[in-house]
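Peer 1: Please work out how this folds:
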Amino acid sequence: MRNHVLPPCCRQVLQLPPGAVLLASSPTAPNELWGWGPNILASQFHVEFDEPLVLQKIWASLKDVGRLDEAQAECS
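Peer 2: As a prediction, the model looks like this:
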């Protein structure tokens with residue numbers, strides 16, 4: 001698997017692309033975390049988190065909006 005991370009540039013996404021799913025927002029970034037298609041997860045924050053936090057916050061959000069299949073949802 002190959003991951004691409006774009007460096008921060010003090011800008012933010014103001015409008016999500018068509019078909020994107022908003023997963024989290026904050027007072028300073030209305031589009032804080034979002035998914036697009038089956039393989040893209042985008043964030044407006046530094047990705048400084050560990051596996052338990054991913055499962056607790058991000059995985060739960062993906063599960064809530066139906067982005068995980070049944071087998072993936074069971075893993076959480």
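Peer 1: Contact partners for R67?
Peer 2: Contacts for R67 (C-beta atoms under 8 Å, 6 or more residues apart in numbering) come out as 21, 35. The way it works is simple: take the backbone N, C-alpha and C, and place the C-beta from them, glycine included.
Peer 1: Quickly note the distance from it to F49.
Peer 2: Distance of R67 to F49, computed by C-beta to C-beta, to the nearest Å: 18 Å.
Peer 1: Setting the sequence-adjacent residues aside, check what's closest to L68.
Peer 2: Leaving aside its chain neighbours, L68 sits nearest to L62 (5.3 Å; criterion: C-beta to C-beta, 6 or more residues apart in numbering).
Peer 1: Next one: P18, what pLDDT does it get?
Peer 2: At P18, the pLDDT value in this model is 94.
Peer 1: any idea how far G66 is from it?
Peer 2: In terms of C-beta to C-beta, P18 sits 18 Å off from G66.
Peer 1: So between the two, which is more surrounded?
Peer 2: G66 (9 against 6; other C-beta atoms under 10 Å).
Peer 1: Which helix or which strand is home to the more buried one?
Peer 2: Under the criterion DSSP states H and E, no helix or strand holds G66.
Peer 1: Quick check, pLDDT for it.
Peer 2: Taking G66 on its own, its pLDDT is 81.
Peer 1: again with Q15
Peer 2: Among the per-residue scores, Q15 shows a pLDDT of 90.
Peer 1: where are the low-confidence patches of this protein?
Peer 2: By pLDDT under 70, the weakly predicted segments of the chain are 1-10, 46-47, 75-76.
Peer 1: so which helix or strand takes in the closest residue to V21 other than its chain neighbours?
Peer 2: Excluding the flanking residues, the one nearest V21 by C-beta to C-beta, 6+ apart is G35, at 4.9 Å. Under the criterion of DSSP H and E, G35 resides in strand 33-36.
Peer 1: tell me which residues of stretch 17-28 are tucked away?
Peer 2: For stretch 17-28, a neighbour-count test (16 or more other C-beta atoms under 10 Å) marks 20, 23 as buried.
Peer 1: ok, and what's touching it?
Peer 2: With C-beta under 8 Å, 6+ apart, stretch 17-28 has contacts from 16, 31-37, 57-58, 61-62, 65, 67.
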